[in-house]
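In: just a sequence and a predicted model for now, questions to come.
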Amino acid sequence: MQSLFAAGLFSDQVALVTGGGSGIGLATARELAYLGARVAICGRKMDKVEAGLAALAADGIPAERMLGGSCDIREPDQVSAFVGQVLERFGRVDVLVNNAGGQFPTPAEGMSPKGWEAVIRNNLNGTFFMTREVATRAMIPAKRGRIVNVTAMVVRGFPGMSHTGAARAGVENLTRSLAVEWATHGIRVNAVAPGNNIRSSGTAQYGEALLEVTRKATPLMRLGTPEEVARVIVFLASDQNDFVTGAVWGVDGGQPLWGDIWSIPDPQAEAKG
Ligand SMILES: CCCCCCCCCCC/C=C/C(=O)SCCNC(=O)CCNC(=O)[C@H](O)C(C)(C)COP(=O)(O)OP(=O)(O)OC[C@H]1O[C@@H](n2cnc3c(N)ncnc32)[C@H](O)[C@@H]1OP(=O)(O)O
Ligand SMILES: NC(=O)C1=CN([C@@H]2O[C@H](COP(=O)(O)OP(=O)(O)OC[C@H]3O[C@@H](n4cnc5c(N)ncnc54)[C@H](OP(=O)(O)O)[C@@H]3O)[C@@H](O)[C@H]2O)C=CC1
(Lines give C-alpha, C1' and ligand atoms only; values in the text may rest on other atoms or scores of the structure.)
(Ligands and ions follow the chains in the order given, each with its own letter.)
Protein backbone atom coordinates (compact mmCIF):
# COMPACT_ATOMS: atom_id res chain seq x y z
CA MET A 1 0.00 0.00 0.00
CA GLN A 2 1.13 3.56 -0.69
CA SER A 3 -0.04 6.63 1.16
CA LEU A 4 -0.18 10.33 0.44
CA PHE A 5 0.78 10.95 4.06
CA ALA A 6 4.14 10.74 5.83
CA ALA A 7 5.05 7.32 7.19
CA GLY A 8 4.45 7.08 10.93
CA LEU A 9 2.02 10.02 11.02
CA PHE A 10 -0.16 8.16 13.52
CA SER A 11 2.54 6.27 15.43
CA ASP A 12 1.67 5.93 19.12
CA GLN A 13 -1.93 6.91 18.41
CA VAL A 14 -5.13 4.92 18.77
CA ALA A 15 -8.03 5.31 16.34
CA LEU A 16 -11.57 4.03 16.79
CA VAL A 17 -13.52 3.68 13.55
CA THR A 18 -17.21 2.76 13.76
CA GLY A 19 -18.48 0.68 10.85
CA GLY A 20 -14.82 -0.10 10.17
CA GLY A 21 -15.54 -3.58 8.81
CA SER A 22 -16.55 -2.42 5.33
CA GLY A 23 -16.50 0.37 2.76
CA ILE A 24 -15.36 3.85 3.74
CA GLY A 25 -14.76 2.79 7.36
CA LEU A 26 -12.47 -0.05 6.34
CA ALA A 27 -10.57 2.18 3.88
CA THR A 28 -10.08 4.69 6.73
CA ALA A 29 -8.98 2.07 9.23
CA ARG A 30 -6.53 0.67 6.66
CA GLU A 31 -4.94 4.08 5.96
CA LEU A 32 -4.68 4.92 9.68
CA ALA A 33 -3.16 1.53 10.49
CA TYR A 34 -0.73 1.81 7.58
CA LEU A 35 0.38 5.15 9.02
CA GLY A 36 1.14 3.54 12.37
CA ALA A 37 -2.08 3.80 14.39
CA ARG A 38 -3.49 1.05 16.53
CA VAL A 39 -7.04 0.68 15.25
CA ALA A 40 -10.29 -0.48 16.81
CA ILE A 41 -13.23 -1.20 14.53
CA CYS A 42 -16.82 -2.12 15.33
CA GLY A 43 -20.14 -2.91 13.68
CA ARG A 44 -23.35 -4.74 14.45
CA LYS A 45 -22.40 -7.88 12.57
CA MET A 46 -19.29 -9.64 13.79
CA ASP A 47 -18.74 -11.41 10.47
CA LYS A 48 -18.30 -8.02 8.78
CA VAL A 49 -15.90 -6.86 11.50
CA GLU A 50 -13.91 -10.09 11.18
CA ALA A 51 -13.73 -9.69 7.41
CA GLY A 52 -12.37 -6.18 8.01
CA LEU A 53 -9.72 -7.45 10.44
CA ALA A 54 -8.74 -10.15 7.92
CA ALA A 55 -8.40 -7.53 5.18
CA LEU A 56 -6.13 -5.43 7.43
CA ALA A 57 -4.06 -8.52 8.30
CA ALA A 58 -3.73 -9.31 4.59
CA ASP A 59 -2.34 -5.78 4.16
CA GLY A 60 0.35 -6.56 6.71
CA ILE A 61 -1.08 -4.89 9.81
CA PRO A 62 0.09 -6.89 12.85
CA ALA A 63 -2.66 -8.46 15.01
CA GLU A 64 -1.43 -6.63 18.12
CA ARG A 65 -2.24 -3.30 16.49
CA MET A 66 -5.93 -4.03 15.85
CA LEU A 67 -9.09 -4.83 17.72
CA GLY A 68 -12.58 -5.62 16.49
CA GLY A 69 -15.84 -5.91 18.35
CA SER A 70 -19.55 -6.04 17.83
CA CYS A 71 -21.25 -2.85 18.94
CA ASP A 72 -24.54 -1.32 17.87
CA ILE A 73 -23.92 2.41 18.24
CA ARG A 74 -27.64 2.94 18.94
CA GLU A 75 -27.30 1.13 22.26
CA PRO A 76 -25.52 3.19 24.96
CA ASP A 77 -24.63 0.05 26.97
CA GLN A 78 -22.95 -1.56 23.97
CA VAL A 79 -21.12 1.69 23.20
CA SER A 80 -19.88 1.89 26.77
CA ALA A 81 -18.74 -1.74 26.73
CA PHE A 82 -16.87 -1.36 23.44
CA VAL A 83 -15.10 1.85 24.43
CA GLY A 84 -14.15 0.08 27.68
CA GLN A 85 -12.65 -2.78 25.66
CA VAL A 86 -10.62 -0.35 23.53
CA LEU A 87 -9.31 1.51 26.60
CA GLU A 88 -8.43 -1.71 28.37
CA ARG A 89 -6.49 -2.96 25.35
CA PHE A 90 -4.86 0.25 24.07
CA GLY A 91 -5.18 2.71 26.98
CA ARG A 92 -6.22 5.76 24.97
CA VAL A 93 -8.24 7.04 22.01
CA ASP A 94 -6.71 9.86 19.96
CA VAL A 95 -8.96 9.65 16.92
CA LEU A 96 -12.66 8.83 16.64
CA VAL A 97 -14.18 8.34 13.20
CA ASN A 98 -17.98 8.15 13.46
CA ASN A 99 -18.54 6.40 10.15
CA ALA A 100 -21.27 3.87 10.98
CA GLY A 101 -24.64 4.72 9.50
CA GLY A 102 -27.21 4.03 6.87
CA GLN A 103 -30.87 4.20 5.96
CA PHE A 104 -33.39 2.94 3.43
CA PRO A 105 -35.15 4.75 0.58
CA THR A 106 -38.78 5.63 1.20
CA PRO A 107 -41.12 8.49 0.32
CA ALA A 108 -41.83 10.60 3.42
CA GLU A 109 -45.56 10.05 3.24
CA GLY A 110 -45.07 6.28 3.52
CA MET A 111 -42.66 6.40 6.43
CA SER A 112 -43.83 4.82 9.68
CA PRO A 113 -42.86 6.33 13.04
CA LYS A 114 -40.68 3.25 13.66
CA GLY A 115 -38.95 3.66 10.30
CA TRP A 116 -38.23 7.34 10.99
CA GLU A 117 -36.95 6.56 14.46
CA ALA A 118 -34.75 3.69 13.28
CA VAL A 119 -32.82 5.98 10.96
CA ILE A 120 -32.58 8.90 13.40
CA ARG A 121 -31.26 6.50 16.05
CA ASN A 122 -28.79 4.95 13.63
CA ASN A 123 -27.26 8.15 12.37
CA LEU A 124 -27.83 10.90 14.93
CA ASN A 125 -28.28 9.21 18.32
CA GLY A 126 -25.58 6.58 17.67
CA THR A 127 -23.04 9.22 16.65
CA PHE A 128 -23.77 11.24 19.79
CA PHE A 129 -23.59 8.22 22.14
CA MET A 130 -20.20 7.14 20.77
CA THR A 131 -18.82 10.68 20.73
CA ARG A 132 -19.84 11.44 24.30
CA GLU A 133 -18.43 8.15 25.57
CA VAL A 134 -15.05 8.58 23.88
CA ALA A 135 -14.78 12.25 24.78
CA THR A 136 -15.60 11.85 28.47
CA ARG A 137 -13.55 8.71 29.06
CA ALA A 138 -10.53 9.34 26.84
CA MET A 139 -10.20 12.68 25.07
CA ILE A 140 -11.29 15.23 27.69
CA PRO A 141 -9.08 13.64 30.41
CA ALA A 142 -6.16 13.57 27.92
CA LYS A 143 -6.90 17.15 26.78
CA ARG A 144 -6.47 16.01 23.20
CA GLY A 145 -8.53 14.39 20.47
CA ARG A 146 -9.70 14.50 16.88
CA ILE A 147 -13.22 13.50 15.91
CA VAL A 148 -14.38 13.10 12.32
CA ASN A 149 -18.08 12.48 11.66
CA VAL A 150 -19.03 10.92 8.34
CA THR A 151 -22.35 12.40 7.20
CA ALA A 152 -23.83 12.63 3.70
CA MET A 153 -24.26 15.36 1.13
CA VAL A 154 -27.50 16.96 2.36
CA VAL A 155 -27.19 20.62 1.35
CA ARG A 156 -30.07 20.17 -1.11
CA GLY A 157 -32.06 18.03 1.34
CA PHE A 158 -32.38 14.31 0.73
CA PRO A 159 -35.65 13.72 -1.14
CA GLY A 160 -36.57 10.03 -1.01
CA MET A 161 -34.54 9.59 2.20
CA SER A 162 -35.70 12.54 4.30
CA HIS A 163 -35.06 10.72 7.58
CA THR A 164 -31.36 10.42 6.85
CA GLY A 165 -31.24 14.00 5.54
CA ALA A 166 -32.58 15.23 8.88
CA ALA A 167 -30.25 12.99 10.87
CA ARG A 168 -27.14 13.99 8.90
CA ALA A 169 -28.02 17.68 9.15
CA GLY A 170 -28.28 17.06 12.89
CA VAL A 171 -24.80 15.53 12.94
CA GLU A 172 -23.41 18.49 11.00
CA ASN A 173 -24.86 20.87 13.58
CA LEU A 174 -23.57 18.68 16.42
CA THR A 175 -20.13 18.88 14.78
CA ARG A 176 -20.21 22.69 15.01
CA SER A 177 -21.51 22.76 18.59
CA LEU A 178 -18.92 20.30 19.89
CA ALA A 179 -16.09 21.99 17.98
CA VAL A 180 -16.77 25.07 20.11
CA GLU A 181 -17.65 23.34 23.40
CA TRP A 182 -14.57 21.12 23.31
CA ALA A 183 -12.01 23.48 21.76
CA THR A 184 -10.68 24.24 25.23
CA HIS A 185 -10.19 20.50 25.80
CA GLY A 186 -7.85 20.29 22.81
CA ILE A 187 -10.42 18.39 20.75
CA ARG A 188 -11.09 19.19 17.11
CA VAL A 189 -14.39 18.07 15.63
CA ASN A 190 -15.01 17.99 11.89
CA ALA A 191 -17.26 16.19 9.44
CA VAL A 192 -16.77 14.68 6.01
CA ALA A 193 -19.82 14.50 3.75
CA PRO A 194 -19.44 11.93 1.00
CA GLY A 195 -21.49 12.70 -2.10
CA ASN A 196 -24.25 10.26 -2.85
CA ASN A 197 -21.91 8.95 -5.48
CA ILE A 198 -19.27 6.80 -3.80
CA ARG A 199 -19.07 3.24 -5.09
CA SER A 200 -18.87 1.10 -1.95
CA SER A 201 -20.25 -1.97 -0.23
CA GLY A 202 -22.97 0.37 1.04
CA THR A 203 -24.12 1.77 -2.31
CA ALA A 204 -24.12 -1.66 -3.96
CA GLN A 205 -27.62 -2.17 -2.49
CA TYR A 206 -28.99 0.79 -4.49
CA GLY A 207 -28.25 -0.92 -7.81
CA GLU A 208 -26.36 0.12 -10.93
CA ALA A 209 -29.28 2.06 -12.46
CA LEU A 210 -29.45 4.54 -9.54
CA LEU A 211 -25.68 4.76 -9.36
CA GLU A 212 -25.65 5.68 -13.06
CA VAL A 213 -28.18 8.47 -12.38
CA THR A 214 -25.97 9.83 -9.62
CA ARG A 215 -22.80 9.47 -11.74
CA LYS A 216 -24.36 11.53 -14.54
CA ALA A 217 -25.29 14.23 -12.01
CA THR A 218 -21.67 14.53 -10.89
CA PRO A 219 -19.62 17.23 -12.65
CA LEU A 220 -16.52 15.02 -12.55
CA MET A 221 -18.64 12.37 -14.36
CA ARG A 222 -17.52 9.42 -12.30
CA LEU A 223 -18.24 7.73 -9.00
CA GLY A 224 -15.84 8.29 -6.12
CA THR A 225 -14.05 5.59 -4.15
CA PRO A 226 -13.94 4.81 -0.42
CA GLU A 227 -10.20 5.53 -0.51
CA GLU A 228 -10.82 9.07 -1.80
CA VAL A 229 -13.16 9.72 1.12
CA ALA A 230 -10.77 8.06 3.57
CA ARG A 231 -7.90 10.37 2.59
CA VAL A 232 -9.89 13.46 3.60
CA ILE A 233 -10.99 11.82 6.86
CA VAL A 234 -7.39 10.90 7.64
CA PHE A 235 -6.13 14.42 6.93
CA LEU A 236 -8.74 15.92 9.27
CA ALA A 237 -7.88 13.30 11.91
CA SER A 238 -4.16 14.04 11.72
CA ASP A 239 -1.90 16.52 13.44
CA GLN A 240 -1.25 17.98 9.97
CA ASN A 241 -4.66 19.57 10.42
CA ASP A 242 -4.14 21.92 13.32
CA PHE A 243 -6.48 24.80 12.49
CA VAL A 244 -9.63 23.26 11.03
CA THR A 245 -12.47 22.58 13.41
CA GLY A 246 -16.25 22.65 13.06
CA ALA A 247 -15.95 22.19 9.30
CA VAL A 248 -17.97 19.98 6.99
CA TRP A 249 -15.90 18.93 3.98
CA GLY A 250 -17.65 17.46 0.97
CA VAL A 251 -16.03 14.69 -1.07
CA ASP A 252 -18.50 14.58 -3.90
CA GLY A 253 -17.04 15.38 -7.32
CA GLY A 254 -18.93 18.70 -7.27
CA GLN A 255 -22.34 17.04 -6.98
CA PRO A 256 -24.02 19.68 -4.79
CA LEU A 257 -23.40 22.31 -7.46
CA TRP A 258 -25.15 20.81 -10.46
CA GLY A 259 -27.45 18.17 -11.89
CA ASP A 260 -30.62 16.25 -11.04
CA ILE A 261 -29.69 13.66 -8.48
CA TRP A 262 -33.00 12.38 -7.34
CA SER A 263 -34.88 9.80 -9.26
CA ILE A 264 -38.13 10.58 -7.49
CA PRO A 265 -41.26 10.74 -9.63
CA ASP A 266 -42.37 14.09 -11.05
CA PRO A 267 -45.72 14.71 -9.30
CA GLN A 268 -47.10 16.74 -12.22
CA ALA A 269 -46.26 14.05 -14.74
CA GLU A 270 -47.87 11.48 -12.44
CA ALA A 271 -51.06 13.59 -12.18
CA LYS A 272 -51.32 13.78 -15.99
CA GLY A 273 -51.01 9.97 -16.07
C1 LIG B 1 -35.01 7.47 -3.50
C2 LIG B 1 -33.73 8.17 -3.44
C3 LIG B 1 -32.60 7.23 -3.72
C4 LIG B 1 -31.43 7.95 -4.26
C5 LIG B 1 -30.31 6.98 -4.51
C6 LIG B 1 -29.10 7.66 -4.98
C7 LIG B 1 -27.98 6.70 -5.21
C8 LIG B 1 -27.40 6.11 -3.95
C9 LIG B 1 -27.07 7.12 -2.90
C10 LIG B 1 -26.77 6.46 -1.58
C11 LIG B 1 -26.30 7.42 -0.56
C12 LIG B 1 -26.11 6.77 0.74
C13 LIG B 1 -25.31 5.71 0.85
C14 LIG B 1 -25.16 5.02 2.14
O15 LIG B 1 -25.62 5.42 3.17
S16 LIG B 1 -24.18 3.65 2.13
C17 LIG B 1 -24.63 2.74 3.62
C18 LIG B 1 -25.61 1.78 3.17
N19 LIG B 1 -26.13 0.90 4.17
C20 LIG B 1 -27.35 1.08 4.57
O21 LIG B 1 -27.93 2.09 4.29
C22 LIG B 1 -28.01 -0.02 5.38
C23 LIG B 1 -28.42 0.58 6.64
N24 LIG B 1 -29.73 0.14 7.05
C25 LIG B 1 -29.86 -0.42 8.22
O26 LIG B 1 -28.87 -0.66 8.87
C27 LIG B 1 -31.24 -0.69 8.71
O28 LIG B 1 -32.14 -0.83 7.65
C29 LIG B 1 -31.75 0.42 9.65
C30 LIG B 1 -30.81 0.66 10.81
C31 LIG B 1 -31.90 1.73 8.90
C32 LIG B 1 -33.10 -0.02 10.20
O33 LIG B 1 -32.92 -1.25 10.81
P34 LIG B 1 -33.69 -1.64 12.18
O35 LIG B 1 -33.27 -3.02 12.52
O36 LIG B 1 -33.56 -0.60 13.21
O37 LIG B 1 -35.11 -1.55 11.70
P38 LIG B 1 -36.29 -2.55 11.79
O39 LIG B 1 -36.06 -3.70 10.88
O40 LIG B 1 -36.60 -2.81 13.23
O41 LIG B 1 -37.42 -1.62 11.18
C42 LIG B 1 -37.82 -0.42 11.84
C43 LIG B 1 -38.77 0.27 10.89
O44 LIG B 1 -38.05 0.71 9.72
C45 LIG B 1 -38.63 0.16 8.53
N46 LIG B 1 -37.58 -0.31 7.63
C47 LIG B 1 -36.41 -0.85 8.00
N48 LIG B 1 -35.67 -1.19 6.90
C49 LIG B 1 -36.45 -0.85 5.84
C50 LIG B 1 -36.26 -0.95 4.42
N51 LIG B 1 -35.15 -1.48 3.90
N52 LIG B 1 -37.24 -0.49 3.63
C53 LIG B 1 -38.39 0.03 4.13
N54 LIG B 1 -38.63 0.15 5.48
C55 LIG B 1 -37.67 -0.30 6.30
C56 LIG B 1 -39.46 -1.03 8.98
O57 LIG B 1 -40.53 -1.17 8.14
C58 LIG B 1 -39.84 -0.69 10.43
O59 LIG B 1 -41.01 0.04 10.52
P60 LIG B 1 -42.46 -0.68 10.78
O61 LIG B 1 -42.27 -1.71 11.85
O62 LIG B 1 -43.36 0.44 11.15
O63 LIG B 1 -42.79 -1.30 9.47
N1 LIG C 1 -21.18 5.35 -0.14
C2 LIG C 1 -21.82 6.49 -0.28
O3 LIG C 1 -22.06 6.97 -1.41
C4 LIG C 1 -22.25 7.26 0.90
C5 LIG C 1 -22.05 6.83 2.20
N6 LIG C 1 -22.45 7.59 3.25
C7 LIG C 1 -22.23 7.18 4.62
O8 LIG C 1 -20.89 6.81 4.81
C9 LIG C 1 -20.79 5.82 5.83
C10 LIG C 1 -20.09 4.59 5.31
O11 LIG C 1 -20.85 4.04 4.24
P12 LIG C 1 -20.30 2.93 3.22
O13 LIG C 1 -18.93 2.54 3.56
O14 LIG C 1 -20.58 3.44 1.87
O15 LIG C 1 -21.33 1.75 3.49
P16 LIG C 1 -21.23 0.40 4.35
O17 LIG C 1 -22.63 -0.13 4.39
O18 LIG C 1 -20.15 -0.47 3.83
O19 LIG C 1 -20.78 0.93 5.77
C20 LIG C 1 -21.62 1.15 6.86
C21 LIG C 1 -20.95 0.49 8.05
O22 LIG C 1 -21.61 0.92 9.23
C23 LIG C 1 -21.91 -0.19 10.06
N24 LIG C 1 -23.11 0.15 10.81
C25 LIG C 1 -24.32 0.55 10.34
N26 LIG C 1 -25.17 0.78 11.35
C27 LIG C 1 -24.48 0.52 12.50
C28 LIG C 1 -24.82 0.57 13.88
N29 LIG C 1 -26.03 0.91 14.30
N30 LIG C 1 -23.86 0.25 14.78
C31 LIG C 1 -22.61 -0.10 14.37
N32 LIG C 1 -22.24 -0.18 13.09
C33 LIG C 1 -23.17 0.12 12.16
C34 LIG C 1 -22.10 -1.35 9.07
O35 LIG C 1 -21.82 -2.61 9.68
P36 LIG C 1 -22.97 -3.56 10.26
O37 LIG C 1 -24.00 -3.68 9.17
O38 LIG C 1 -22.28 -4.83 10.60
O39 LIG C 1 -23.47 -2.87 11.47
C40 LIG C 1 -21.07 -1.03 8.01
O41 LIG C 1 -19.82 -1.61 8.33
C42 LIG C 1 -22.24 5.54 6.26
O43 LIG C 1 -22.57 6.35 7.35
C44 LIG C 1 -23.01 5.95 5.03
O45 LIG C 1 -24.37 6.17 5.28
C46 LIG C 1 -23.04 8.80 3.05
C47 LIG C 1 -23.26 9.27 1.81
C48 LIG C 1 -22.91 8.53 0.64
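Out: Cool, got the structure. Numbering: from 1, shown residues only. Ligands and ions are numbered 1, 2, ... in the order given.
In: which element is the residue lying closest to residue 234 once chain neighbours are set aside on?
Out: Leaving aside its chain neighbours, residue 234 sits nearest to residue 31 (4.9 Å; criterion: Cβ to Cβ, 6 or more residues apart in numbering). C-beta: built from backbone N, CA, C; applies to glycine. Using DSSP states H and E, residue 31 falls within helix 23-34.
In: let me see the contact set for the residue minimising distance to the centre of the chain.
Out: Closest residue to the average C-alpha location of the chain: residue 99 at 2.1 Å, with Cα atoms, centre = their mean. Listed by Cβ atoms under 8 Å, 6 or more residues apart in numbering, the contact set of residue 99 reads 17-20, 24-25, 28, 150, 233.
In: one more time with 6 Å, if that's ok
Out: Residue 99 makes contacts with 17-19, 24-25, 150, as judged by Cβ atoms under 6 Å, 6 or more residues apart in numbering.
In: how near is it to residue 37?
Out: Look at residue 99 and residue 37: by Cβ to Cβ, to the nearest Å, they are 15 Å apart.
In: ok so, going back, of all pairs in the contacts of residue 99, which one is the farthest apart?
Out: 18 and 24 (11.0 Å; Cβ to Cβ).
In: so how far is the helix holding residue 31 off the chain centroid?
Out: Helix 23-34 sits 11 Å away from the centroid of its parent chain (Cα atoms, centre = their mean, to the nearest Å).
In: name the helices or strands packed onto the longest helix along the chain?
Out: Using DSSP state H to define each element, the chain has its longest helix at helix 162-181. Here helix 162-181 touches helix 113-120, strand 187-194, going by 3 or more Cβ pairs under 6 Å, 6 or more residues apart in numbering; DSSP states H and E.
In: list of residues touching whichever helix or strand comes after the helix holding residue 31?
Out: Going down the chain from helix 23-34, the next helix or strand is strand 38-43, by DSSP H and E. Strand 38-43 has contacts (Cβ under 6 Å, 6+ apart) with 14-21, 29, 32-33, 49, 52, 65-69, 71, 82, 86, 90.
In: I'd like the average pLDDT over stretch 178-197.
Out: Averaged over stretch 178-197, pLDDT sits at 98.
In: contacts for that stretch, please.
Out: 139-140, 143-153, 172, 175, 214, 218, 223-224, 229, 232-233, 236, 245-253, 255.
In: what distance separates the start and the end of stretch 11-22?
Out: Stretch 11-22 has an end-to-end distance of 23 Å (Cα to Cα, to the nearest Å).
In: can you give me the first-to-last residue distance of stretch 201-213?
Out: 18 Å.
In: near ligand 2, which residues of the chain are found?
Out: Residues of the chain that fall close to ligand 2, judged by Cβ under 6 Å from any ligand atom: 18-19, 21-25, 42-45, 48, 71-74, 99-102, 122, 126, 150, 152, 194, 196-198, 200-203, 226.
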